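Engineer: structure, please.
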Amino acid sequence: MSNTQRVTVELKNGKFRLAEGLKADDLNPKALILYSAAQCAGLTIMGMLRKDNVIPKRFEISVEGVLDTPTLAAESRYRSFNIAYGIECKSLADQNTVSYAVREAQESRCGVVAMLKMIAPVAHEISIVSSESVNV
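Structural biologist: Next up, the predicted model:
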């Protein structure tokens, strides 16, 4: 039996906020590590996108960590992580720029994600969609 912690942040008014109205004070110390990774990745990605004048319509990052104990305890340690990026672009042209920024943040530019990789394996998934109408 595994114990999974999950934190989701959403881009709202230019800042990443915890989903469902949660505040950082609502999180346990293990979940705060996940929150830090989501914030770091999000800020890193948005910094790159701003340089290209790309602003996503919707942007959500969920970071999940599996602990090595059946219940949350002080001695619990993460044994794996998964980061899910969900982004809605305004146009098809923005998708390549967004994809590049997410991969760069995930692979090398986000220091907190790099630290997670030193703790346990980090998997990721990327979902990028466009709301642009396509004329056929």
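
Engineer: every contact and neighbour count from this point should use C-alpha atoms.
Structural biologist: OK.

Engineer: how about stretch 70-78: buried residues?
Structural biologist: Leu72, Arg77, Tyr78 (16 or more other C-alpha atoms under 10 Å).

Engineer: list the contacts of the second one.
Structural biologist: Looking back up the chat, that one is Arg77. Leu67, Asp68, Thr69 (C-alpha atoms under 8 Å, 6 or more residues apart in numbering).

Engineer: can I get those residues in JSON lines with neighbour count, secondary structure and pLDDT?
Structural biologist: Output for the contacts of Arg77, formatted as JSON lines (neighbours: other C-alpha atoms under 10 Å; DSSP: H, G, I helix; E, B strand; the rest coil; pLDDT from 0 to 100):
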{"residue": "Leu67", "neighbour count": "22", "secondary structure": "strand", "pLDDT": "97"}
{"residue": "Asp68", "neighbour count": "18", "secondary structure": "coil", "pLDDT": "96"}
{"residue": "Thr69", "neighbour count": "17", "secondary structure": "coil", "pLDDT": "95"}
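
Engineer: I'd like the distance from the top helix by length along the chain to the chain centre, please.
Structural biologist: Identified as the longest helix of the chain according to DSSP state H is helix 29-51. In terms of C-alpha atoms, centre = their mean, to the nearest Å, the centre of helix 29-51 is found 6 Å from the chain centre.

Engineer: ok, stretch 20-34 next?
Structural biologist: 14 Å.

Engineer: average pLDDT across that stretch?
Structural biologist: The pLDDT scores in stretch 20-34 average 96.

Engineer: buried ones in that stretch, by neighbour count?
Structural biologist: So, applying 16+ other C-alpha under 10 Å, buried residues of stretch 20-34: Lys30, Ala31, Leu32, Ile33, Leu34.

Engineer: surely the second one is in contact with Asn3?
Structural biologist: This points to Ala31. No. Look at Ala31 against Asn3 with C-alpha atoms under 8 Å: they stay out of range, at 11.9 Å.

Engineer: picking up where we left off before, what sits up against the longest helix of the chain?
Structural biologist: 5-9, 16, 24, 55, 61-65, 83, 97-98, 101-102, 105-106, 109-113, 116.

Engineer: looking at those, which are in strands?
Structural biologist: With DSSP state E as the criterion, strands contain Gln5, Arg6, Val7, Thr8, Val9, Phe16, Ile61, Ser62, Val63, Glu64, Gly65, Ile83 from among those.
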